[in-house]
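**Student:** After the sequence you'll find the predicted model.
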Amino acid sequence: MQHHFSAAFRVFGVALSAIFSAVAAENNPSSNSVVVSYQERRGHIMVPATVHGTNKLSLMLDTGYGMTMVRSDHAEDFSLQRTGRSIRIIGIAGEEQAEMFDGPTFDFAGLSWKPRRVASFPSANQSRSRPREAVLGSGFFRRFVVEIDPQRKELTLHEPDTFNHTGPGEILPLTFKSSTPIVEASVLLPGGATIKAQFEIDSGCDSALCIGKHFVEAHKLIPSDSSSDGGRVGVGGSTSIKSGHLFQLQLGRLTIEKPPANFFLEGSPADAPLAGHIGWELLRDFKVIFDYSRKRMILVSKG
């Protein structure tokens, strides 16, 4: 699970109010779907919502999170009740503890969702140079069929019971490790062989591919065109990587030539036997539909 968080969270009062007003005008609350305009900040999808009917909030859309998260000050502002429990948040460089609260009611332009629980980021992280945003995790994707249109910067939320996909698109089966979606892909190796590999889908990652050390070493994947050493920041700290490209990645019948990749020199964004994860930089080349109710992801090519 890879998370490279944007700058300190701010509620942009006038701009965010305009978004909410425009969305409310376009959507009928009694319908089975609504369209929400979103912003993209530093490669992250930020979704506006109303909390408890009055508070406006912007949340990062992240399939890599098992639970919806809020900052500790949000939990206080929304008068959320502590449950007395905590959970472990596991990331690329370790794990951290997070307190749990009773969930608030989120409203997305007329469609509402009240998670049973939310968690707050550890208070120690609020002093980081890049404090974490509020995050919409797996429960949001189980509540709605989530359709993301990067060209229009629109999120369409469908009621799962009445959703029916028609038209073009590559339908990819999903399996789940706990609450994280996993897709099978084919990877072209440097020697010309092709192998099957499984990747987590992590819409909160601002990279295209992040590949774990175990998979990199097993298949000698660091290419000759790799750049100098760098690092990635996520839950638990940071880890060293090399940046470069895979020769080819195939998802169903979709072939992606030379996708950018971060090759981990230590640690992994996903535990073996998973190869790593696929992030938003790769997914944003498609219209993406997450349909957890039917265990599938649909990628629709642009154009």
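**Tutor:** Ah, there it is. Numbers count the residues shown, from 1 in each chain.
**Student:** Where does pLDDT dip in the stretch 101-250 of the chain?
**Tutor:** The stretch 101-250 of the chain contains residues with pLDDT under 70 at 122-133, 223-238.
**Student:** how about the strands of it, start to end?
**Tutor:** Using DSSP state E, counting those that start in this stretch, the strands found in the stretch 101-250 of the chain span residues 106-108, 111-113, 117-120, 134-136, 145-149, 154-158, 170-173, 175-177, 180-188, 194-202, 209-211, 230-234, 237-245, 248-251.
**Student:** Pick the most deeply packed of these.
**Tutor:** For the strands of the stretch 101-250 of the chain, the largest average neighbour count (mean count of other CB atoms under 10 Å) is found in strand 209-211, namely a mean of 27. (C-beta placed from N, C-alpha, C; glycine too.)
**Student:** Any idea how far that strand is from the middle of the chain?
**Tutor:** Put simply, strand 209-211 sits 14 Å off its chain's centre (CA atoms, centre = their mean, to the nearest Å).
**Student:** returning to what we had before: possible to save the strands of the stretch 101-250 of the chain as TSV with distance to G43?
**Tutor:** Formatted as TSV, those follow (distance: least, CB to CB, whole Å):
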stretch	distance to G43
strand 106-108	22
strand 111-113	25
strand 117-120	23
strand 134-136	14
strand 145-149	13
strand 154-158	16
strand 170-173	22
strand 175-177	24
strand 180-188	19
strand 194-202	12
strand 209-211	13
strand 230-234	13
strand 237-245	15
strand 248-251	19
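**Student:** To S293, which of those lies closest?
**Tutor:** When the strands of the stretch 101-250 of the chain are compared by CB to CB, strand 145-149 sits nearest S293, at 6.8 Å.
**Student:** how far out from the middle of the chain is that closest one?
**Tutor:** Relative to the mean C-alpha coordinate of its chain, strand 145-149 is positioned 12 Å out (CA atoms, centre = their mean).
**Student:** What is that strand packed up against?
**Tutor:** strand 154-158, strand 286-291 (3 or more CB pairs under 8 Å, 6 or more residues apart in numbering; DSSP states H and E).
**Student:** right, and those strands - which one's nearest N164?
**Tutor:** Proximity to N164, assessed across the helices and strands packed on strand 145-149 by CB to CB, is greatest for strand 154-158 (9.1 Å).
**Student:** which neighbours does the closest one have in its sheet, and in what orientation?
**Tutor:** If you go by DSSP bridges, strand 154-158 pairs up with strand 33-37 (antiparallel), strand 145-149 (antiparallel).
**Student:** Mind checking the strands of the stretch 101-250 of the chain for the one nearest to R41?
**Tutor:** Between R41 and these, the shortest gap by CB to CB is with strand 134-136, which sits at 12.7 Å.
**Student:** I'd like to know which elements that closest one is packed against.
**Tutor:** Using 3+ CB pairs under 8 Å, 6+ apart: strand 134-136 touches strand 55-61, strand 69-70.
**Student:** and if we set it to 6 Å?
**Tutor:** Using 3 or more CB pairs under 6 Å, 6 or more residues apart in numbering; DSSP states H and E as the contact test, the elements touching strand 134-136 are strand 55-61.
**Student:** That's all I had, so thanks and see you.
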